[in-house]
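Participant: next input, structure requested:
(4 chains)
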2 protein chains.
Amino acid sequence: MPRKKSLDRPGWWMDLPDSTESRHYLGVRDSIAAHIHSGDLAANACLPSERQLQTGTGAARGTVRAALFQLEAEGLIYRKERSGWYVSPAPIVYNPTRWESFISYVTAQGRTPRTELLSARDVQATADCSAVFGVKPGAPLYELRRRRYIDGRAVLIETIFVDPRLAPGLLEHDLETSLTEVLRHHYGTDVARNRIEMQPCALTQEAALALRVKSGLPGLLVTRISEDARGRVVEYDHEYWCHDALKISVDIGVG
Amino acid sequence: MPRKKSLDRPGWWMDLPDSTESRHYLGVRDSIAAHIHSGDLAANACLPSERQLQTGTGAARGTVRAALFQLEAEGLIYRKERSGWYVSPAPIVYNPTRWESFISYVTAQGRTPRTELLSARDVQATADCSAVFGVKPGAPLYELRRRRYIDGRAVLIETIFVDPRLAPGLLEHDLETSLTEVLRHHYGTDVARNRIEMQPCALTQEAALALRVKSGLPGLLVTRISEDARGRVVEYDHEYWCHDALKISVDIGVG
DNA sequence: AAGTGGTCTAGACCACGCC
DNA sequence: GCGTGGTCTAGACCACTTT
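Facilitator: Numbers count the residues shown, from 1 in each chain, chains lettered A, B, ... in the order given. Here you go, the predicted structure:
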């Protein structure tokens, strides 16, 4: 293979080794990963375009993309649709054993949270919800849909159901702050028990759209049922997370 | 696993609709997903080969593979390297709040567990291990590497470190059964606290090799530090799971 | 309007699992 | 030894984001 010639101002990706290693997708992967780990590419930095990476490696675009998919699966990079590939920052640690708000645990980790309310409305309980809340199908519920950001990146989309009997008039409060705090301060609600399920998934089309990412990207689905001390369901929550943004940590006594 | 042979009559994949929908990768995905949900394809059944799927859809092989990757990310199918694509069975539910053995919770869910000991040896504590166990780097530890199966499929590979002071002569026991049971019965050890971290990841080359899957496949890394009532570290465990095989369920009082 | 990623085609060769 | 998936090439056009 002829040596690639430097252009007017070559970026680091022009200097990738010409060896067999960098021509194949794992070699390309390793080159990019090395630049990320070395700090050449900071968190949230944008990678060169796929076509630029081609010129640096001599590989076909499909090969470059295979390398990028690999890095994405590893949680090292993420993408914004039709905009580019970016370096993933460190994941947020989430501890489901604490009834702590998104805002407080993100802030405590030195990151900047933001919440956007997508919709807030009265709905009728589906079969799923009626089983959780122990009400008849069709019974009234509040449904909130929110998008949450860390350092400006949308990382999670959630749908929350709340029983209006426990929080009448909930929709009149500010729902772009902490729901935890609203429930605590305005309704005196405290959570005594959490039932949480977590499962790797592909982002649903709806979640992907809301997160402005490609549908089918790897994600993590967290569902949470919170109960108060009397066993009443306070919140029923579905959260779709970008898989690279989250790390779960549990610390508990066992039985 | 026997692959369906070509018959005089075409298989179901020949009957995929000819519309635009089935020519593109999401259409191909939907067709296959429909056959899985309908029950035409049972759990652990082998899909037609990629080239057979091509003839059924008229799509290029790359398009068929994009559909298969999508289904894989969704946890609907898995692959065995160079053997084929298979339908994923329901995931195993793992509850980290209980000190329960793999064997017991898999059995309780009507599935068949198996454990294979890959290696068992004396090692010296690395920096990582020494921090966890509170010993000097280089201090003696036992290291176990095991591969675990559910219904004959390898779904997880684990590396366990144990402090020999808490379980002298551990390596002389049968380590293909439950380590939990060995520690409990032979050493009187009981676990009082678990610290667990879970993070979506790509399977390391080593883990992928041991699971006989392609390196870089999506996985879930579970690390667990178990302590006894006196705060001594009993086990330090790293588990790499196939991401479609596992679902985490936590049920706890909150504080 | 330009540049990006998203999708797709139609080939090819290889390494490995399985028989 | 055959069929499988794994990898790679070298194009092409499209939809969307960004400027």
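Participant: what's the angle from the host helix or strand of residue A:247 to strand B:246-253?
Facilitator: If you go by DSSP states H and E, residue A:247 is part of strand A:246-253. Here the directions of strand A:246-253 and strand B:246-253 differ by 50 degrees (axes from the mean of the first three to the mean of the last three C-alpha atoms, to 10 degrees).
Participant: looking at it, residue A:106 is touching residue A:155, isn't it?
Facilitator: No - with contact defined as C-beta atoms under 8 Å, residue A:106 does not count as touching residue A:155 (9.6 Å). Just so you know, the C-beta spots here come from the backbone N, C-alpha and C atoms, and that holds for glycine as well.
Participant: give the residues shared as contacts by these two.
Facilitator: Residues touching both residue A:106 and residue A:155 (C-beta atoms under 8 Å, 6 or more residues apart in numbering or on different chains) are residue A:92.
Participant: in contact with the residue in chain A positioned nearest to DNA strand D, which residues?
Facilitator: Closest to DNA strand D within chain A is residue A:24: 2.4 Å, counting by C-beta to the nearest atom of the strand. If a contact means C-beta under 8 Å, 6+ apart, then residue A:24 has A:59, A:63 as its contacts.
Participant: any idea how far it is from residue A:55?
Facilitator: For residue A:24, the distance to residue A:55 equals 17 Å [C-beta to C-beta, to the nearest Å].
Participant: next one: residue A:76
Facilitator: Applying C-beta to C-beta, the value for residue A:76 to residue A:55 is 22 Å.
Participant: between residue A:106 and residue A:155, which is the more surrounded one?
Facilitator: Between residue A:106 and residue A:155, counted using other C-beta atoms under 10 Å in any protein chain shown, the more crowded position is residue A:155 (25 against 21).
Participant: residues from the stretch 101-250 of chain A in reach of DNA strand D?
Facilitator: The stretch 101-250 of chain A comes close to DNA strand D at residues residue A:212, as judged by C-beta under 7 Å from any atom of the strand.
Participant: which parts of the stretch 101-250 of chain A sit against DNA strand C?
Facilitator: Counting by C-beta under 7 Å from any atom of the strand, the residues of the stretch 101-250 of chain A lying close to DNA strand C are residue A:214.
Participant: for the host helix or strand of residue A:238, packing partners?
Facilitator: Using DSSP H and E, residue A:238 sits in strand A:233-242. Packing partners of strand A:233-242 (3 or more C-beta pairs under 8 Å, 6 or more residues apart in numbering or on different chains; DSSP states H and E): helix A:127-133, strand A:153-162, helix A:179-187, strand A:191-202, helix A:205-211, strand A:218-228.
Participant: where among those is average confidence lowest?
Facilitator: Here the lowest mean pLDDT among these goes to helix A:205-211, at a mean of 84.
Participant: list the buried residues of that helix.
Facilitator: Residues A:207, A:208, A:210, A:211 are the ones in helix A:205-211 that count as buried (16 or more other C-beta atoms under 10 Å in any protein chain shown).
Participant: quick check: next helix or strand after the helix or strand bottoming out on mean pLDDT in chain A?
Facilitator: Least confident element among the helices and strands of chain A, by mean pLDDT, DSSP states H and E: helix A:20-23 (a mean of 56). The first helix or strand that comes after helix A:20-23 along the chain, using DSSP H and E, is helix A:25-38.
Participant: mean confidence (pLDDT) on that following helix, please.
Facilitator: 92.
Participant: so what's the gap between that helix and the chain middle?
Facilitator: Computed by C-alpha atoms, centre = their mean, to the nearest Å, the separation of helix A:25-38 from the middle of its chain amounts to 23 Å.
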